[in-house]
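Colleague: please work out how this folds:
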Amino acid sequence: MLFSGTTYYDYTDSDWENFSFTPRYNESNWNLLLDGHSHTHFSDGSLTPRQNILWHLSLGYNAIAITDHNTFTGAEEAREIARTEFNDTIKVLIGVELTTARCHLDLILPPNVQKENYSKLLDAKKGISYTPTDEEMQNIISETHNLGGIVVVNHFLWSEEFLNDHPTRQQYYEWGADYIEVINENAPDSTSIEFCQDNGLGIITGTDMHQPGPVYSWTTINITEFTEEAIFMELKEKRTYYIFNGFSSPYDVEHQIDPLYIVLYPFIKIGEMFDEMYRREVYRVQFIVFLLYIFGGFAFSELIRMTYRLLKWRYKKRKKTKEIQEEKVNHDQVKK
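Modeller: Just a heads-up that it's a prediction; the model follows:
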């Protein structure tokens, strides 16, 4: 892929031509299925923006928020493709996953915000540390709201476990977050569902799609017209619910294996380890272990090499001593 290296599969636009699935739901209450969290190869996803759209269409979605890590490029390209080629079947909202060591926040923006304005969010992000203070996080939330956007707290359970000093639900509520992602991939968060309902926060789900496959949830919305503006307005008003399928959707799609991935597999895994070490402090322990393996392996190989050379030297010395003794014996016998 263009930015994230090769992937296990070599995806093509035609991969989803013969597959289609739509979950059963109450269509009298809801008429739009949204994925609130998805990635392209402009950050760490496997699919191009067009393939991202095709994958979503094959699984019943008719709206997506593209939220690549710290870049709007994939969302911008996907929205343009949706507008020009899929305008009657799917809508794309501009978003970004603000990614730091303390939080992963989806910032989803209204359709009418100009690029020069929303790009300032990333400029503001560059001005904060990778472990932002409470005040810096609150400023990002405020800047998003100033643009008319909404803030989603992503995969709370995962973030609470792996990120450093992750804020509580109550802190996010007090800081003005609009939503908590109550289902991420296949993981429902019942505590966040209850918290949102008790405190008036919005409920949203996300596939968090990096590699295509089956899905478990869809965010449901009811709109009066099929436009980006109407979809975003319902999000602003927090009029959402969700479908959850604990057994996942079907996914009868075959992708071809990319031979290059097999060749580069060891380097890919090393790269993934360094990436995880950078994003999660807990993986620094793995990095230390990795160094121990490297230096330990080097030391072990050197020990083997030195032992071999020592044994070889002793063998040669013994052989030479034996030859000298034999020559001496022979010499003595000749003299006799």
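Colleague: where in this structure is the helix or strand with the lowest mean pLDDT?
Modeller: For the chain, using mean pLDDT, DSSP states H and E, the weakest element among its helices and strands is helix 259-279, scoring a mean of 70.
Colleague: rounded mean pLDDT for the helix or strand just after it, please.
Modeller: Sequence-wise, the next helix or strand downstream of helix 259-279 (DSSP states H and E) is helix 284-335. For helix 284-335, the mean per-residue pLDDT is 75.
Colleague: tell me the helices and strands packed up against helix 284-335.
Modeller: helix 259-279 (3 or more Cβ pairs under 8 Å, 6 or more residues apart in numbering; DSSP states H and E). In short, each C-beta sits where N, CA and C put it, glycine included.
Colleague: tell me how this protein divides into domains.
Modeller: 9-257, 283-335 (automatic domain parsing).
Colleague: can you tell me which of these is most buried?
Modeller: domain 9-257 (a mean of 19; mean count of other Cβ atoms under 10 Å).
Colleague: residue 260: neighbouring residues, count only.
Modeller: Using other Cβ atoms under 10 Å, residue 260 has 13 other residues around it.
Colleague: dump the residue contacts of the closest residue in space to residue 250 that isn't next to it in sequence.
Modeller: Closest residue to residue 250 apart from its sequence neighbours, by Cβ to Cβ, 6 or more residues apart in numbering: residue 21 at 5.6 Å. Contacts for residue 21 were tallied using Cβ atoms under 8 Å, 6 or more residues apart in numbering; they are 58-60, 249-251.
Colleague: export these to CSV and tack on pLDDT?
Modeller: Output for the contacts of residue 21, formatted as CSV (pLDDT from 0 to 100):
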residue, pLDDT
58, 98
59, 98
60, 98
249, 97
250, 97
251, 97
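Colleague: between these, which is closest to residue 26?
Modeller: residue 60 (14.3 Å; Cβ to Cβ).
Colleague: and that closest one, what is it in contact with?
Modeller: 20-23, 33, 218, 249.
Colleague: again, only using 6 Å
Modeller: Contact analysis of residue 60 by Cβ atoms under 6 Å, 6 or more residues apart in numbering lists 21-23, 33.
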